[in-house]
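Novice: 3D model of this:
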Amino acid sequence: MEGTASDKEKRLLACLDRMQAQIDKMGSEELKKATGTLQGEIASIRGDTPAAYRGKIENMSSEVRDDNPYSRLMALKSMGI
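Specialist: Residues are numbered from 1 along each chain as shown. Alright, predicted model coming up:
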């Protein structure tokens, strides 16, 4: 979703105004739900994408790959260089 900085700023300010209006008239549970919805809308305006969660790696591979500088560094370290 493209737009000028001014357009995005106006949309963000409108979201913030709606959020403040919701705060003024809602209870805590309704507030949490509405805030989450508006935060999602703000994130989409800003162009944020949620970070994908990667699980913990159980076993590290000792394979040396040319496209991975860390892999090459560890290979050199294991050779004592």
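
Novice: in the longest helix anywhere in the chain, what counts as buried?
Specialist: Counting residues, the longest helix found in the chain (DSSP state H) is helix 5-25. For helix 5-25, burial by neighbour count (16 or more other C-beta atoms under 10 Å) applies to 8, 11, 15, 19, 22. Just so you know, the C-beta spots here come from the backbone N, C-alpha and C atoms, and that holds for glycine as well.

Novice: likewise stretch 27-36?
Specialist: Neighbour-count burial for stretch 27-36 [16+ other C-beta under 10 Å]: Ala34.

Novice: Tell me how far it lies from the chain's centre.
Specialist: 21 Å (C-alpha atoms, centre = their mean, to the nearest Å).

Novice: Same question for stretch 34-43.
Specialist: With C-alpha atoms, centre = their mean, you get 13 Å for stretch 34-43.

Novice: average pLDDT across that stretch?
Specialist: Stretch 34-43 carries an average pLDDT of 77.

Novice: Can I get that stretch in CSV, CA atoms only?
Specialist: Listed next in CSV are the C-alpha coordinates belonging to stretch 34-43 (Å, rounded to 0.1, in the frame of the first residue of the first chain):
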residue,chain,number,x,y,z
ALA,A,34,-10.4,-2.3,19.8
THR,A,35,-6.8,-1.3,20.6
GLY,A,36,-5.5,-4.5,19.0
THR,A,37,-7.6,-3.9,15.9
LEU,A,38,-6.5,-0.3,15.6
GLN,A,39,-2.8,-1.3,16.2
GLY,A,40,-3.1,-3.8,13.3
GLU,A,41,-4.5,-1.0,11.1
ILE,A,42,-1.7,1.3,12.0
ALA,A,43,0.9,-1.4,11.3
